[in-house]
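> this one's sequence-less:
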Ligand SMILES: Cc1cc2nc3c(=O)[nH]c(=O)nc-3n(C[C@H](O)[C@H](O)[C@H](O)COP(=O)(O)OP(=O)(O)OC[C@H]3O[C@@H](n4cnc5c(N)ncnc54)[C@H](O)[C@@H]3O)c2cc1C
């Protein structure tokens, strides 16, 4: 306990000295998110400074082993770090599919050479990754994927198409599910890593309802991949794929706790309600709106505490299990509800797409409301999460 308190004091002092002032302000748009990568651009130089300082300590991936560039922190120390960062409202130094999804899977399934090659570069934000899972005929039924991967002796040859590949046009590398045995379904899938600059890889952006274009159709035509890029055994990629999805779902559930664009710029739900709806005796003027806000806050608090309890109960070193589907389902539905409520509060001010009649914060909320609709689809839909919960958590029959 004393050691943990000492760690808290040291962390507080270090953050105080090293977290630049502008990195302690809420992010008001997705554009401010730092993704790193070979072609990263930093509108604010302090964002790069913050990333480099945190990466040097391994604190972009605090619990990963130091041998691979991580912070080597225990679960308890990491909790302290997160608390101290929240205390000063520090922004995440790096958002990364490498940290949220691929890294934990590599730590569990990759060989030593692969860990040494990829993990430190993820920690430093040098390589940006994308996820090549979904295909036009394989979404919820992911194991139906058809992207063909043939053994050509000294290399693999990949042909096929992925879809909804988030940021494929900006990513440097892809972790990709490929079919290496067409005669078996789950046991014919392998987990492959390759550089997006390899000849034969083409990413075409798709526009979304929110106006953003975060994902792509990704085509592979005779893409040559070194054999050393296969993670785990040939035809055993489905186990890795499922594990990675559990990490992804755990990360997405965190959206239920709020984040960029979730109304921070409007001062939160209650302040927004007072500003847009009116105030009476220091309270939101409408009793029914007060009721909705209180319910939302209570559900949010209960969700945060349940996530915390679940994390504390998990044995050290144990990754997330099927229960991540419970959190993914609830967190994303909660997030959608929060945006519905914010839009209700904002009234006609929530209808702005662009133009002078709306503030930047209002437009951000409206666009984030539209984006939130995707939360309960990406990483597996809500219906699929309910299927997983009934089968793997409640052991109900098919
Ligand atoms: C914002 C966003 C980002 C994404 N990023 C990526 C990415 O980076 N990489 C990637 O590979 N994919 C990505 N995806 C794709 C995502 O994983 C798929 O959209 C998702 O798995 C659903 O697949 P689908 O779109 O093919 O829908 P379908 O599988 O066709 O489902 C259609 C509908 O049928 C329902 N349904 C299907 N099967 C069942 C069942 N057995 N029981 C009950 N209901 C069922 C679904 O719930 C859904 O409502 C992203 C999606 C979104 C929205």
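Perfect, thanks for sending it. Keep in mind it's a predicted model, so treat the numbers as computed, not measured. Numbers count the residues shown, from 1 in each chain.

> is there proximity between the one helix or strand in the chain whose mean pLDDT sits lowest and the ligand?
For the chain, the helix or strand with the lowest mean confidence is helix 360-372, at a mean of 88 (criterion: mean pLDDT, DSSP states H and E). No. Contact of helix 360-372 with the ligand (CB under 6 Å from any ligand atom) is absent, the minimum separation being 7.4 Å. (Glycine included, C-beta is placed from N, CA and C.)

> elements contacting that helix?
Where contact means 3 or more CB pairs under 8 Å, 6 or more residues apart in numbering; DSSP states H and E, helix 360-372 is packed against helix 324-346.

> which stretches in the stretch 251-398 of the chain count as helices?
Assigned by DSSP state H, counting those that start in this stretch, the stretch 251-398 of the chain shows helices spanning 268-277, 287-313, 324-346, 360-372, 382-388.

> could these go into a markdown table alongside mean neighbour count?
Formatted as a markdown table, the helices of the stretch 251-398 of the chain follow (neighbours: other CB atoms under 10 Å):
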| stretch | mean neighbour count |
| --- | --- |
| helix 268-277 | 19 |
| helix 287-313 | 14 |
| helix 324-346 | 22 |
| helix 360-372 | 21 |
| helix 382-388 | 18 |
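
> these: which one's closest to residue 69?
helix 287-313 (23.1 Å; CB to CB).

> so what's the gap between that closest one and the chain middle?
21 Å (CA atoms, centre = their mean, to the nearest Å).

> over to stretch 379-390?
Worked out by CA atoms, centre = their mean, stretch 379-390 lies 17 Å from the chain centre.

> and that stretch with the ligand, contact?
Yes. Stretch 379-390 is in contact with the ligand by CB under 6 Å from any ligand atom, via 380-381, 383-384, 387.

> how close does residue 359 get to the ligand?
Noted for residue 359: a distance of 26 Å to the ligand, by CB to the nearest ligand atom, to the nearest Å.

> with residue 207 instead?
The gap separating residue 207 from the ligand is 12 Å, by CB to the nearest ligand atom.

> now for that residue, how many residues are close by?
10 (other CB atoms under 10 Å).

> hey, where'd the strands end up in the stretch 51-200 of the chain?
129-132, 148-151, 155-166, 173-179, 189-195 (DSSP state E, counting those that start in this stretch).

> now render those strands as a markdown table, adding distance to the ligand.
Formatted as a markdown table, the strands of the stretch 51-200 of the chain follow (distance: least, CB to the nearest ligand atom, whole Å):
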| stretch | distance to the ligand |
| --- | --- |
| strand 129-132 | 4 |
| strand 148-151 | 16 |
| strand 155-166 | 3 |
| strand 173-179 | 8 |
| strand 189-195 | 13 |
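
> could those strands go into JSON lines alongside mean neighbour count and mean pLDDT?
What follows is the strands of the stretch 51-200 of the chain, written out as JSON lines (neighbours: other CB atoms under 10 Å; pLDDT from 0 to 100):
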{"stretch": "strand 129-132", "mean neighbour count": "27", "mean pLDDT": "98"}
{"stretch": "strand 148-151", "mean neighbour count": "16", "mean pLDDT": "98"}
{"stretch": "strand 155-166", "mean neighbour count": "20", "mean pLDDT": "98"}
{"stretch": "strand 173-179", "mean neighbour count": "26", "mean pLDDT": "98"}
{"stretch": "strand 189-195", "mean neighbour count": "23", "mean pLDDT": "98"}
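
> quick one on the thing from earlier: now distance to residue 244 too, for the helices of the stretch 251-398 of the chain, in TSV please.
Shown next, in TSV, are those (distance: least, CB to CB, whole Å):
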stretch	distance to residue 244
helix 268-277	34
helix 287-313	19
helix 324-346	11
helix 360-372	23
helix 382-388	15
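
> make a markdown table out of the strands of the stretch 51-200 of the chain and add distance to residue 335.
A markdown table is the format used below for the strands of the stretch 51-200 of the chain (distance: least, CB to CB, whole Å):
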| stretch | distance to residue 335 |
| --- | --- |
| strand 129-132 | 20 |
| strand 148-151 | 36 |
| strand 155-166 | 17 |
| strand 173-179 | 25 |
| strand 189-195 | 29 |
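
> of these, which is nearest residue 268?
Nearest to residue 268 among those is strand 155-166; the distance by CB to CB comes to 28.0 Å.

> which helices and strands does that closest one pack with?
The contact analysis (3+ CB pairs under 8 Å, 6+ apart) places strand 155-166 against strand 129-132, strand 148-151, strand 173-179, strand 189-195, strand 201-206, strand 215-226.

> what does this structure have sitting close to the ligand?
Within the chain, the positions adjacent to the ligand are 130-134, 139-140, 164-166, 215, 374, 377-378, 380-381, 383-384, 387 by CB under 6 Å from any ligand atom.

> same thing but 8 Å
Counting by CB under 8 Å from any ligand atom, the residues of the chain close to the ligand are 97, 130-136, 138-142, 162-168, 208, 214-215, 371, 373-375, 377-384, 386-387.

> how close does the residue of the chain positioned farthest from its centre sit to residue 267?
For the chain, the largest distance from the centre (CA atoms, centre = their mean) belongs to residue 281, which lies 40.9 Å off. Look at residue 281 and residue 267: by CB to CB, to the nearest Å, they are 19 Å apart.

> same deal with residue 76?
Residue 76 sits at a distance of 33 Å from residue 267 (criterion: CB to CB).

> ok, now residue 309?
For residue 309, the distance to residue 267 - CB to CB - is 29 Å.

> also residue 132?
Residue 132 is 40 Å from residue 267, by CB to CB.
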